[in-house]
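Q: Need a 3D model of the following:
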Amino acid sequence: MNKWLQVPGVAALLLAPLLLKGLYVDEFIFQYTNTRLLGFFQVLANDAVVYAALIALLYVSYLPAVPLALSALLRLAALTVLAIYVVDVYVIVNFNTHLTLHDCVKYIGYSTGYLQQIYDFSAFELLLMAAILLLALSAFVLSPFKIRGWRRQKLPLLLVAALPLVSGFTDNDRYVHAWIYRNVFDYNLTIQSESKPYSDDFAKRVSVADASVCRDGVISRKNIIILMVESLSAYQSRFFSGIEDWTPNLDAIAEQNLAFANFYANGFVTEDGEIALLTGLLPIYPPASYNDDGGVSFASFYGVEQSLPKLLKSLGYRSEFLTTADLDFGNTGVWARSIGFDYVEGHEHPEYAQWPRFQFKAAPDQALYQRALDRIALAKTQPGLLFIKTVSSHHPYLNPENQHRSEAEVFQYADRQLGQFYRQLQEAKFFDNGVLVIVGDHHALTPLKPQETLRLGHYKASAKVPLVVVGGEDAPRLESRQFQQTDVFNTLQGMATGRQCANDWQGILWGEHSRPAKLILHRRGDNRDKISVFTATDDYLLKLDGDATRVVSRPPPEPALRKLLVDKVNALRIERAAWAQREKSTETSD
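A: From the prediction side, this is the model:
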């Protein structure tokens, strides 16, 4: 490689991702603070130590006294660090979170598919670009170029010495969005506290008594459809937020039925929503939650005995789980069967053979709704629970009808298909003896809109999703009290058994005994080591840290409430850890 291109080329390679991240974060922060350069300078301060390491590795590799083999290893190490940094910037821009070790393992198998969908690459084009990149990087790693002369060595030495001093200007504790400033390595080290185990003595001392109030009611054995719409968020709806107007069909259904103005997801990924809706358990995982795939999908939530499918089966129901997604992803199919679904169907079904495929190998929502209607038509001899999980509105937001990459178009498409499905249920007279629950699985993994945080605050804004219930009550009503996904399970359970129970952590959505939970938990996606807690008037933030788990936001004024919040989170995680241990013991014995 020409010596005159080597140093400028390396400089451009290093600076491009830093500048991109700095500009993006600065714009992100400007939306909330109306202050320019704050985000850019904080990125520089947080990433200074990473760039000091990169420059040090490259500087040593260019010294004349260093053998070429060692130079190659040093440059390869620098490229590895830079690659992690670049992928992290991509994840921040596209998913509003940092790259984490858990996510690397979980999504690695789908990464090439995502790139093909987002940038419209064919497999050949992707392979060709990978080959060209590999050749270019190989030329860089194996280049014999060395820095000659002391004067040329001064600048990198000064940078290596000065950059760590810049990191002293970080301000990561004062601002609620500070997670986005952190460099990827610091972020992953920070969230490692989530994996810290509880000591045995501490675990034995923790307990929370959830005193439930139970009342008898009317038994209702209606057919039940839970329609969980991928990434459906309040901001997309004029009815639920007034921010965007992408869901006119959903809004019309909400205006004519029971709608919830303040409803929250209990987690930030699809699996969290499935756990909350179908088991009534909060998706709070035990420390260091890894399954066979390396991720945290459903770990410690397999085989839950009090699941909705198992409960309803004991009352004569047949239960079905339908999606067009790949059931192997996150081990979804195994989990769904473990909690008692009689029938589980994914992308592999022959009915989808003629449909185009998108993210997670899924056919579009239109195909899923047609399939659901077919299954409903077949099930007329016994009451049924049908859980439908859509996929089309998942990032990277590719409109199945015209291949346009547009978030607005994708949710408008998803809304049209939802509206058509609702009208077909009406025509089939499903609501003569049926309940339809329409709910988002989690807030879309996009940066929060300024209007969202202005109205709700940062904590609640990242959890708010729509909930509409058709067939739960006779008259249209807008419910303004706050509820959560676990309340769906709790209410449907009470409807089928005729006994409604509620406590401080679980509410009842409708009926004569309707009441909200006093406390709502939300597993955060931006700060993986944090749990949000919502009350009717305040929001709190807890840091997961084993025995040292604590409130890190403004604490509750009552010491008893502060202790309750911490004890509840600890008790949940300790309970799941015990369950996970039983799961491992069962696998070993099998």
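Q: CA only for contacts and neighbour counts going forward, please
A: OK.
Q: Tell me which helix or strand in the protein has the weakest average pLDDT.
A: Taking mean pLDDT, DSSP states H and E as the measure, the helix or strand of the chain with the lowest value is helix 111-119, at a mean of 65.
Q: And the strands in this protein?
A: 213-216, 223-229, 258-264, 318-323, 343-345, 384-389, 434-440, 467-470, 477-484, 499-502, 520-523, 530-534, 539-543, 550-551 (DSSP state E).
Q: of all those strands, which lies closest to F358?
A: Taking C-alpha to C-alpha, strand 318-323 is the member of those nearest to F358, at 13.0 Å.
Q: List the pairing partners of the closest one within its sheet, with orientation.
A: strand 343-345 (parallel), strand 384-389 (parallel) (DSSP bridges).
Q: pLDDT below threshold where in the protein?
A: Within the chain, the set of residues satisfying pLDDT under 70 comprises 1-9, 32, 110, 113-120, 149-153, 173-176, 289-296, 583, 585-590.
Q: Q500 is in contact with V218, correct?
A: No. Using C-alpha atoms under 8 Å as the test, V218 is too far from Q500 to be in contact (9.5 Å).
Q: Could you check which of those two has the larger neighbour count?
A: Taking other C-alpha atoms under 10 Å, V218 and Q500 do not tie; Q500 has more neighbours (25 against 14).
Q: ok, how many other residues are close to H177?
A: Neighbour tally, H177, other C-alpha under 10 Å: 16.
Q: should've said R554
A: Neighbour number of R554 under other C-alpha under 10 Å is 10.
Q: for V344, same thing?
A: Neighbour tally, V344, other C-alpha under 10 Å: 18.
Q: So it versus E512, what's the distance?
A: Note on V344: its distance to E512, by C-alpha to C-alpha, to the nearest Å, is 34 Å.
Q: and if you look at S393?
A: Per C-alpha to C-alpha, S393 is found 35 Å from E512.
Q: one step back: reformat the strands paired with strand 318-323 into JSON lines and put distance to A261 next to each item.
A: JSON lines is the format used below for these (distance: least, C-alpha to C-alpha, whole Å):
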{"stretch": "strand 343-345", "distance to A261": "32"}
{"stretch": "strand 384-389", "distance to A261": "22"}
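Q: so what sits against both of V218 and Q500?
A: Both V218 and Q500 lack any common contact, where contact means C-alpha atoms under 8 Å, 6 or more residues apart in numbering.
Q: Bridge partners for N262, pull those for me.
A: For N262, the beta-bridge assignment (DSSP bridges) gives partners Q482.
Q: Report the contact partners of N262.
A: Contacts of N262 (C-alpha under 8 Å, 6+ apart): 464, 479-483.
Q: now the residues you listed: which count as buried?
A: Burial by neighbour count, 16 or more other C-alpha atoms under 10 Å: within the contacts of N262 this picks out 464, 482-483.
Q: before we move on, back to that, S393 and E512 - which one has more neighbours?
A: The neighbour comparison of S393 against E512 (other C-alpha under 10 Å) goes to S393, with 27 against 11.
Q: Now I253: closest residue in space that isn't a chain neighbour?
A: Once flanking residues are discounted, I253 sits nearest to V468: 7.6 Å by C-alpha to C-alpha, 6 or more residues apart in numbering.
Q: and the gap between that neighbour and L378?
A: Counting by C-alpha to C-alpha, the separation of V468 from L378 is 25 Å.
Q: out of those two, which sits in the busier spot?
A: Shown here are V468 and L378; by other C-alpha under 10 Å, V468 has more neighbours (25 against 8).
Q: wouldn't that one be in contact with F260 here?
A: Yes. Assessed by C-alpha under 8 Å, V468 is found in contact with F260 at 6.5 Å.
Q: Can you dump the C-alpha atoms of stretch 531-541 in CSV for me?
A: The C-alpha trace of stretch 531-541 is given here as CSV (Å, rounded to 0.1, in the frame of the first residue of the first chain):
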residue,chain,number,x,y,z
ILE,A,531,-35.8,-1.8,36.0
SER,A,532,-38.5,0.9,35.9
VAL,A,533,-41.3,1.0,38.5
PHE,A,534,-44.4,3.1,37.8
THR,A,535,-47.0,4.2,40.3
ALA,A,536,-50.0,6.4,39.6
THR,A,537,-48.0,9.5,40.5
ASP,A,538,-44.2,8.7,40.3
ASP,A,539,-41.6,6.7,38.4
TYR,A,540,-38.6,5.0,40.0
LEU,A,541,-35.5,3.3,38.7
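Q: For the strands of the chain, give me TSV that also has distance to D201.
A: Output for the strands of the chain, formatted as TSV (distance: least, C-alpha to C-alpha, whole Å):
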stretch	distance to D201
strand 213-216	32
strand 223-229	40
strand 258-264	34
strand 318-323	41
strand 343-345	42
strand 384-389	41
strand 434-440	39
strand 467-470	42
strand 477-484	33
strand 499-502	31
strand 520-523	26
strand 530-534	23
strand 539-543	20
strand 550-551	18
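Q: so which of the ones you listed comes closest to Q581?
A: Taking the strands of the chain one by one with C-alpha to C-alpha, strand 520-523 is closest: 21.9 Å.
Q: Show me where the stretch 301-450 of the chain has its helices.
A: Taking DSSP state H, counting those that start in this stretch as the test, the helices found in the stretch 301-450 of the chain are 308-313, 332-338, 365-378, 407-427, 450-456.
Q: And stretch 97-111, how far out from the chain middle?
A: Chain-centre distance of stretch 97-111: 12 Å, with C-alpha atoms, centre = their mean, to the nearest Å.
Q: For that stretch, list the C-alpha coordinates in CSV.
A: Taking Å, rounded to 0.1, in the frame of the first residue of the first chain, the C-alpha atoms of stretch 97-111 are listed here in CSV:
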residue,chain,number,x,y,z
THR,A,97,-29.8,0.5,22.3
HIS,A,98,-26.1,-0.6,22.6
LEU,A,99,-24.6,-3.7,21.3
THR,A,100,-24.5,-6.3,24.0
LEU,A,101,-22.9,-9.7,24.3
HIS,A,102,-26.3,-11.3,24.8
ASP,A,103,-27.6,-9.8,21.6
CYS,A,104,-24.6,-10.8,19.6
VAL,A,105,-25.2,-14.4,20.3
LYS,A,106,-29.0,-14.1,19.9
TYR,A,107,-29.1,-12.3,16.6
ILE,A,108,-25.9,-13.4,14.8
GLY,A,109,-27.8,-15.9,12.7
TYR,A,110,-30.1,-13.2,11.4
SER,A,111,-27.6,-10.5,10.8
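Q: In that stretch, which residues are buried?
A: 97-100, 102, 106.
Q: ok, now how distant is D374 from S392?
A: 20 Å.
Q: higher neighbour count, the two?
A: More crowded of D374 and S392, by other C-alpha under 10 Å: S392, with 30 against 11.
Q: most tightly surrounded among the strands paired with strand 318-323?
A: Stretch with highest mean neighbour count among the strands paired with strand 318-323: strand 384-389 (a mean of 23; mean count of other C-alpha atoms under 10 Å).
Q: circling back to that earlier point, and D538, which of the helices of the stretch 301-450 of the chain is closest to it?
A: Once the helices of the stretch 301-450 of the chain are compared by C-alpha to C-alpha, helix 450-456 is nearest, at 10.7 Å.
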